[in-house]
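> one predicted model, sequence on top.
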Amino acid sequence: MNTPLEMNLFFPIDEDGFIALVCPDSYSSFVADNWTLTQVSDHFVEQMNLGNAFIACPGDEAADEVFALVRRRDGGRVIREASGTVRVGDAGLWLTSYLQLSTAAQFKDQLAADPRNSLRMPCAPGLFRVTVRELAGVEPPFELEIRPDDTSGTVHHDAVPWFDL
């Protein structure tokens with residue numbers, strides 16, 4: 001049985017303003033040789049709805065800001081929050097970047113979570129609820145919580161949270 005993460009770790013939001021987690025066992029990377037932004041955004045939503053990824057876009061203004069990987073909500077007033085579920089397999093759950101995902105969407109030989117520039121999260125196989133929050137009055141202003149989830153379904157997304165096309 002999975003247990004909640006027992007530590008706080010700090011990571012930067014990627015240079016494009018995204019927080020992206022993927023399960024390489026099930027995440028389907030390739031979209032098209034010359035994909036459009038709408039195609040790749042729809043692909044991200046599809047993969048999130050299948051439980052293969054969680055992607056949110058705090059925005060350009062948050063690029064390179066630090067976020068905390070927390071065991072439980074740490075305090076501060078929540079400005080906005082987005083959640084999803086991921087089904088983690090034996091290959092784990094990886095923090096990756098929009099650049100890596102968009103490259104993998106274009107080239108069949110690229111990985112969505114390349115170990116050279118992605119980070120494996122401390123999660124055993126299982127179902128997890130992933131929540132990202134923007135907070136007021138605390139530093140860092142963003143936190144990511146990954147907790148075991150007992151439900152059998154995934155959270156349905158109509159769009160990538162906080163991403164405006």
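Cool, the structure landed.
> neighbouring contacts of the lowest-mean-pLDDT helix or strand in the chain?
None of the helices or strands of the chain scores lower by mean pLDDT, DSSP states H and E than strand 9-12, at a mean of 74. When contacts are defined by CB atoms under 8 Å, 6 or more residues apart in numbering, strand 9-12 is touched by residues D64, E65, V66, F67, A68, L69, L95, L119, P140. Yep, even glycine has a C-beta here, placed from its N, CA and C like the rest.
> most surrounded residue in those residues?
The residue in these with the most neighbours, by other CB atoms under 10 Å, is F67 (22 neighbours).
> just grab the bridge partners of that one for me.
Counting by DSSP bridges, F67 is bridged to F11, F142.
> show me which residues of whichever helix or strand comes after the least confident helix or strand of the chain are buried.
Next helix or strand after strand 9-12 toward the C-terminus (DSSP states H and E): strand 19-22. Within strand 19-22, the residues scored as buried using 16 or more other CB atoms under 10 Å are I19, A20, L21, V22.
> my guess is the first one contacts E145, does it?
To tie it back to what came earlier, the one meant is I19. No: using CB atoms under 8 Å as the test, I19 is too far from E145 to be in contact (11.7 Å).
> now do the shared contacts for these two.
Common contact partners of I19 and E145 (CB under 8 Å, 6+ apart): V132.
> any chance of the contacts of strand 9-12 in TSV, plus distance to Q106 and pLDDT?
Converted to TSV, these look like this (distance: CB to CB, whole Å; pLDDT from 0 to 100):
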residue	distance to Q106	pLDDT
D64	24	82
E65	27	82
V66	29	83
F67	27	86
A68	32	84
L69	29	83
L95	21	94
L119	22	90
P140	31	87
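> from these, which is closest to F54?
L95 (10.2 Å; CB to CB).
> report the contact partners of that closest one.
For L95, the contacting residues are F11, I19, A20, L21, S118, L119, R120, M121, by CB under 8 Å, 6+ apart.
> same question, V155
By CB under 8 Å, 6+ apart, the contact list for V155 reads M48, S83, G84, T85, R129.
> ok, and the most crowded of those residues?
M48 (26 neighbours).
> residues in contact with the helix or strand harbouring that residue?
Assigned by DSSP H and E, M48 falls within helix 37-49. For helix 37-49, contacts defined as CB under 8 Å, 6+ apart pick out 22, 27-28, 31-32, 35, 53-55, 84, 101-102, 105, 154-160, 163, 165.
> surely E81 forms part of a strand?
Yes: according to DSSP: H, G, I helix; E, B strand; the rest coil, E81 belongs to a strand.
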